[in-house]
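S.K.: Need the 3D shape of this:
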Amino acid sequence: QVQLVESGGGLVQAGGSLRLSCAASGLFFSINAMGWYRQAPGKQRELVASITIGGTTNYLDSVKGRFTISRDNAKNTVYLQMNSLKFEDTAVYYCNANIRLVIGRENDYWGQGTQVTVSS
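M.R.: Okay, here's the model as predicted:
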């Protein structure tokens with residue numbers, strides 16, 4: 001059974017930093033793209049950042065220059081370094097991974113979510 005386990009959320013003052021981690025465990029062949037989404041109260045879930053297996057990244061416009069996504073393929077882990085945090089970054093952050101279970105079969109998996117709260 002594949003699981004994504006997140007860590008690193010919390011409460012931080014505006015202008016501060018947090019680092020989120022998400023580790024995949026279980027039996028699988030490889031991990032394709034990985035990403036971080038967030039959902040604030042009353043809003044739809046949105047893609048914050050993504051990274052391909054080759055390291056190509058993509059960011060939500062509002063976080064460009066402040067957030068950095070990275071991955072350690074040997075540890076099956078994706079990170080989100082968040083700097084210069086703003087009140088509007090407050091949300092539950094979810095890790096997502098497209099995982100190849102066997103050749104020809106891929107599934108999307110989600111972490112349990114971690115709360116990030118930025119105080120103004």
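S.K.: Pretty sure residue 6 sits against residue 111.
M.R.: Yes: the criterion here is C-beta atoms under 8 Å, and residue 6 meets it with residue 111 at 4.1 Å. In short, each C-beta sits where N, CA and C put it, glycine included.
S.K.: hey, what's in contact with both of the two?
M.R.: 22, 94-95 (C-beta atoms under 8 Å, 6 or more residues apart in numbering).
S.K.: Enumerate every residue touching residue 9.
M.R.: For residue 9, the contacting residues are 18, 20, 93, 114-116, by C-beta under 8 Å, 6+ apart.
S.K.: Could you dump those residues into CSV and include distance to residue 36, neighbour count and pLDDT?
M.R.: Output for the contacts of residue 9, formatted as CSV (distance: C-beta to C-beta, whole Å; neighbours: other C-beta atoms under 10 Å; pLDDT from 0 to 100):
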residue, distance to residue 36, neighbour count, pLDDT
18, 12, 21, 98
20, 7, 24, 98
93, 6, 23, 98
114, 10, 23, 97
115, 14, 11, 98
116, 10, 22, 98
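S.K.: between the residues you listed, which is nearest residue 76?
M.R.: residue 20 (15.2 Å; C-beta to C-beta).
S.K.: packing partners for whichever helix or strand the closest one is part of?
M.R.: Element membership of residue 20 [criterion: DSSP states H and E] is strand 18-25. Packing partners of strand 18-25 (3 or more C-beta pairs under 8 Å, 6 or more residues apart in numbering; DSSP states H and E): strand 3-7, strand 30-39, strand 77-82, strand 91-102, strand 114-119.
S.K.: That one pairs with which strands?
M.R.: Applying DSSP bridges to the sheet, strand 18-25 is found paired with strand 3-7 (antiparallel), strand 77-82 (antiparallel).
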